[in-house]
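Colleague: Mind looking at a prediction? Sequence and model below.
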Amino acid sequence: PAFLQKALKSNPKGVILYKEEIITLMAEFNKKNNEDFEPFLLEAWSAKKPYKYDKVSSTRALIIPRTFTTLVGTTQPAMVRKIFANDRDYTGFTYRMLFAMDKANLTLVPDVDYEPNYDAQDRYRNMIYKLYKELGVKLYGVKAQDPIIVKCDRPAIMLLDRWKRMHKAKADNLKDDDAISRETYKGAFGKLGEYALRFALILRGMDEATRAYGQVQDIRDIDEPTMARALLATDYFMYSYLEVAKIADTRRLPEEASLISNCLKRGMSFEKIASHLGQIYGKGFTKSSIARKVQSYRNKYPKDFLV
């Protein structure tokens, strides 16, 4: 929306949009005058080129040189399906999200006897401050400075390549009746392969910022140990995404919905579907009741009711 784009214009280092319940953010996508919100977030993920916001009611365009935007929020497992609604996995929207899922500790109880390590907190706070202060983003009108090139050394590149080949082999070996589809797995590891590079650079910057005389603005390389740590984080988010995708997978239809979908794909009329389901379930179905069910299932499972 306009407020986020204007905030980015005034904050070239980026902004964080926090939602206690991230589903409320998804609701914003469908509001009037917010039609550009979701496409903007898709484009903002890479931040490779300026974003031009040109509204008919405005006299001049708003140009954002770098769309550094981070979304942070929480949700309940039962609400995950709404995040994947409107084919957001097909558009790649959900692949850009990092899901943190802890199946072992779904209910957290505060430990009132816990004593925080204030020295560690101070070191962490100083590291964040140093990263923010020293990693500048200069603007020249509507243009941003050229990015600084940081390269992975050959061992780091080879490690990342082995990681990609391993996950590609896992995806290729998936069967049609597996809980996770081949397309979902490939989509997840494809985008998270890009995240691995981001994680590696973040870790490299954190390491440099915690050194006594570290110069984060002079970072130009990433080594194999740093990439190895980055891939540990990447694997965590990879498997968290796959767990979330299982919950949200709209292809796992209820039996009745699956039968109706298959009948429609075979070209059967509502009247014939009613007769067919009556034979299966031993109860009466009518043409109008099938029509209502089709409309209801189409709203819930749009990918399976495209016919």
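Modeller: On my side now, so go ahead.

Colleague: which stretches of the stretch 201-307 of the chain have low pLDDT?
Modeller: In the predicted model of the stretch 201-307 of the chain, residues 250-253, 303, 306-307 satisfy pLDDT under 70.

Colleague: State the phi and psi torsions of the residue most central in space within the chain.
Modeller: Centroid-nearest residue in the chain: residue 97, 1.6 Å away (criterion: Cα atoms, centre = their mean). The phi and psi values for residue 97, taken as degrees, to the nearest 10, are phi -90, psi 140.

Colleague: Identify the residues contacting it.
Modeller: By Cβ atoms under 8 Å, 6 or more residues apart in numbering, the contact list for residue 97 reads 71, 83, 241. Any C-beta I mention is one placed from the backbone N, CA and C, and that applies to glycine too.

Colleague: Over to residue 21?
Modeller: Taking Cβ under 8 Å, 6+ apart as the test, what residue 21 contacts is 73-75, 79.

Colleague: May I have stretch 287-303 exported as CSV, CA atoms only?
Modeller: Output of stretch 287-303 as CSV, limited to C-alpha atoms (Å, rounded to 0.1, in the frame of the first residue of the first chain):
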residue,chain,number,x,y,z
LYS,A,287,-28.7,-31.8,-9.4
SER,A,288,-29.1,-28.6,-7.3
SER,A,289,-27.3,-30.1,-4.3
ILE,A,290,-24.4,-31.1,-6.5
ALA,A,291,-24.3,-27.5,-7.9
ARG,A,292,-24.1,-26.1,-4.4
LYS,A,293,-21.3,-28.5,-3.4
VAL,A,294,-19.3,-27.7,-6.6
GLN,A,295,-19.5,-24.0,-5.8
SER,A,296,-18.5,-24.6,-2.2
TYR,A,297,-15.6,-26.8,-3.1
ARG,A,298,-14.5,-24.5,-5.9
ASN,A,299,-14.1,-21.7,-3.4
LYS,A,300,-12.1,-23.9,-1.0
TYR,A,301,-10.0,-25.9,-3.5
PRO,A,302,-9.8,-23.7,-6.7
LYS,A,303,-6.9,-25.7,-8.2
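
Colleague: for the protein, what spans make up the strands?
Modeller: With DSSP state E, the ranges of strands along the chain come out as 15-21, 51-53, 62-64, 69-74, 139-140, 143-144, 151-152, 221-222.

Colleague: For the ones you listed, give me CSV that also has distance to residue 273.
Modeller: Compiled in CSV, the strands of the chain are given as follows (distance: least, Cβ to Cβ, whole Å):
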stretch, distance to residue 273
strand 15-21, 38
strand 51-53, 47
strand 62-64, 51
strand 69-74, 41
strand 139-140, 60
strand 143-144, 57
strand 151-152, 56
strand 221-222, 58
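
Colleague: so which of those comes closest to residue 35?
Modeller: strand 51-53 (12.3 Å; Cβ to Cβ).

Colleague: Residue 277: neighbour count?
Modeller: 20 (other Cβ atoms under 10 Å).

Colleague: For residue 41, give its distance to residue 74.
Modeller: According to Cβ to Cβ, to the nearest Å, residue 41 stands 18 Å off from residue 74.

Colleague: between those two, who's got more neighbours?
Modeller: residue 41 (18 against 12).

Colleague: just to revisit the earlier point, okay, the contacts of residue 97 in CSV with neighbour count next?
Modeller: As requested, the contacts of residue 97 are exported to CSV (neighbours: other Cβ atoms under 10 Å):
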residue, neighbour count
71, 17
83, 22
241, 25
